[in-house]
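[1] okay, predicted coordinates and the sequence, questions at the end:
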Amino acid sequence: MKLIDKDTELTVDYIQKIIAKHESEVRPQLKKLKEYYVANHTIDRRILADTTKPNNKLANPYGNYITDMFVGYFVGEPVGYKSNDKSALETLQMIFTYNDEQDHNSELAKNASIYGRAYELLYNDSDKSIRFKVIESDSVIMIYDNSIEEELLYAIRYFSYYSIEKDDNETIVEVYGRDNVKVYKGHYLNEGLTLINEYEHFFGQVPIVEYRNNDDMLGDFELVVSLIDAYDKLESDSLNDFEYFCDAYLVLTGVVLDQEDVKGMKANRIILMPDGAGKAEWLIKQGDDAQVESLKTRIDADIHKFSKCPALTDEQFSANASGVAMRYKLTGMENVAAIKERKFKRGIQRRIELISNILDIKNNDKFDWRAIEIVFTRNLPTNEDELANTINKLRGMVSNETLISLLPFVEDVQKELEKLQKENEINVFTSFDDEEVDDELLDETPRTDSGQEL
């Protein structure tokens, strides 16, 4: 993110300087975080001075575990939407379904968890349909003005590809403004960039949306990378010590042997030694395994504590824990998820606003994006009996819409309410029919053909 004066002209020279600064200061850290997500750690590049010694390199994928846990907890249950404007909601759901929005949100949440930020690009495809796509977090630079509102002025996206003509990598730079897109080609360090295309996008604002993981744009495991390195080193060195033990030396005292004698002893598994003069013993490295295991346990606990991601394999997470007990144990994780939710909600609101803007231009179908309510549901194992009892106790105290929204298996609350209303109408009609039949059966008074009582 960069702040500039609102009236600053974004020249080619300025664009190149911004990209160069991002490439040297920001991108290396973002790439490092991605490496820790795929378990490509610092230990993998360790080189020992003595190449004859064991050099095990065990990378423990804590980053992968922490991110996957947070993403599953945060958006494992799809994001829901509610609105009194049914037409707007239906239009939005059609666009979301076309873009496989549930998987898209999951990918955004994963990138935000890894990099501390995620980006999506909105555009119109060849069929003029509204599309949105996740773009790599290390290839986007958001430029805001330096006012108190920090209004988004531009978004720069740059990526490289191999050019057969030049037999070298060439860079494409896309600069998204509030009205148009400028596309440059070349290299931001060498020969410079050349404008090759310019077109309008019609979204009314910069069509790239930023999803921050938190205010500081920190990844979920970024603060525990050094602890992960320490754990990797302990694990690797523990295995090295084990190999040292397996390669222990046999020390023979008071015995003179040549090479052939040693070979014969190894083959026959026999040691012949003079009486009272010889001695044989193993020379091994002495180590305190208990101390090493204690240190590993402490570092593991610190990783979970400071990342606020619990170890669900711990015995405290029993299968019969109540919902309240489970939430209490997940307090740290829930606090992080609450921050994520506020930031993610802001991004989705801007996505909906951009969609509303383009719909207004395409078919005059603009709607108030603020009328769309965004609903997040935590992906927790639930005790359905406990939940059913809670809902029954609340019946008559809160609306049916609120009660239905408590059910984790209901994705579309509005549609579920409509189904419930139809079922109630059918039940009412059925009860009326049953009452008429019962009256005829119960009335056994003899009547004439004209219906008069006898």
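    Cool, got the structure.

[2] and residue 248, what's its pLDDT?
    pLDDT for residue 248: 65.

[3] meant to ask about residue 253, not that
    pLDDT, read off for residue 253, is 77.

[4] run a quick neighbour tally on it.
    10 (other C-beta atoms under 10 Å). The way it works is simple: take the backbone N, C-alpha and C, and place the C-beta from them, glycine included.

[5] can you check residue 90 too?
    Residues contacting residue 90 under the criterion other C-beta under 10 Å number 11.

[6] could you point out which element follows the one helix or strand it maps to?
    Assigned by DSSP states H and E, residue 90 belongs to helix 86-98. Counting by DSSP H and E, the next helix or strand C-terminal to helix 86-98 is helix 101-115.

[7] average pLDDT across the very next helix or strand once past that following helix?
    Next in sequence after helix 101-115, counting helices and strands by DSSP H and E, comes strand 117-124. For strand 117-124, mean pLDDT rounds to 97.

[8] does residue 84 touch residue 371 like I think?
    Yes: in this structure, residue 84 is within contact of residue 371 by C-beta atoms under 8 Å, at 6.7 Å.

[9] what about the two, which has more around it?
    Using other C-beta under 10 Å, the more surrounded residue of residue 84 and residue 371 is residue 371, with 13 against 10.

[10] if I've got this straight, residue 58 is in a helix?
    No: assessed with DSSP: H, G, I helix; E, B strand; the rest coil, residue 58 is coil; it does not lie in a helix.

[11] is residue 19 in a helix, a strand, or coil?
    Classified using three-state DSSP, residue 19 is helix.

[12] so who does it touch?
    Counting by C-beta atoms under 8 Å, 6 or more residues apart in numbering, residue 19 touches 141, 156, 158, 173, 188.

[13] same thing with residue 210?
    117-119, 140, 142, 347 are the contacts of residue 210 under C-beta under 8 Å, 6+ apart.

[14] please apply the same query to residue 208.
    Contacts here follow C-beta under 8 Å, 6+ apart; on that basis residue 208 touches 119-122, 135, 140, 142, 155, 157, 176.

[15] in terms of helices and strands, where is residue 378?
    Short version: residue 378 belongs to no helix or strand, going by DSSP H and E.

[16] hmm, back to that, mind giving me the packing neighbours of the helix holding residue 90?
    strand 80-82, strand 130-135, helix 331-363 (3 or more C-beta pairs under 8 Å, 6 or more residues apart in numbering; DSSP states H and E).

[17] same thing but 6 Å
    Applying 3 or more C-beta pairs under 6 Å, 6 or more residues apart in numbering; DSSP states H and E, one finds that helix 86-98 contacts no other helix or strand.

[18] got the angle for that helix vs helix 101-115?
    Counting by axes from the mean of the first three to the mean of the last three C-alpha atoms, to 10 degrees, helix 86-98 lies at 70 degrees to helix 101-115.

[19] residues in contact with helix 86-98?
    With contacts defined as C-beta atoms under 6 Å, 6 or more residues apart in numbering, helix 86-98 is touched by 83, 130, 367.

[20] mind redoing it with 8 Å?
    Here helix 86-98 has contacts from 81-83, 129-131, 352, 355, 359, 365, 367-368, 371-372, 414, using C-beta under 8 Å, 6+ apart.

[21] of the residues you listed, which one scores lowest on pLDDT?
    Ranked by pLDDT, the contacts of helix 86-98 bottom out at residue 365, which has 73.

[22] quick check: that residue touching residue 359?
    Yes: using C-beta under 8 Å, residue 365 is in contact with residue 359, at 4.5 Å.

[23] who has more neighbours, those two?
    Neighbour totals were compared for residue 365 and residue 359, and residue 359 leads with 18 against 13 (other C-beta under 10 Å).

[24] for the more buried one, list the residues it contacts.
    With C-beta under 8 Å, 6+ apart, residue 359 has these contacts: 91, 130, 365-367.

[25] do that again at 6 Å, thanks
    Taking C-beta under 6 Å, 6+ apart as the test, what residue 359 contacts is 365-366.

[26] before we move on, what about residue 193?
    12, 173, 184, 186.

[27] what about the helices in the stretch 101-250 of the chain?
    With DSSP state H, counting those that start in this stretch, the ranges of helices along the stretch 101-250 of the chain come out as 101-115, 225-246.

[28] again, but for the stretch 251-400 of the chain
    259-268, 289-307, 323-329, 331-363, 384-394, 400-405.

[29] what does the last one rub up against?
    In other words, helix 400-405. By C-beta under 6 Å, 6+ apart, the surrounding residues in contact with helix 400-405 are 391, 410, 413, 416-417.

[30] could you export the residues you listed as CSV, including neighbour count, distance to residue 313 and pLDDT?
    Converted to CSV, the contacts of helix 400-405 look like this (neighbours: other C-beta atoms under 10 Å; distance: C-beta to C-beta, whole Å; pLDDT from 0 to 100):
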residue, neighbour count, distance to residue 313, pLDDT
391, 15, 32, 85
410, 14, 30, 76
413, 21, 34, 78
416, 17, 35, 82
417, 17, 40, 82
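
[31] mind putting those residues into CSV with distance to residue 150 and secondary structure?
    Formatted as CSV, those follow (distance: C-beta to C-beta, whole Å; DSSP: H, G, I helix; E, B strand; the rest coil):
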residue, distance to residue 150, secondary structure
391, 43, helix
410, 38, coil
413, 34, helix
416, 40, helix
417, 39, helix
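
[32] from those residues, pick the one nearest residue 202.
    Taking C-beta to C-beta as the measure, residue 202 lies nearest residue 413 of the contacts of helix 400-405, at 32.7 Å.

[33] on that earlier part again, which of the helices of the stretch 251-400 of the chain sits closest to residue 70?
    Among the helices of the stretch 251-400 of the chain, if distance is taken as C-beta to C-beta, the winner is helix 331-363, at 6.9 Å.
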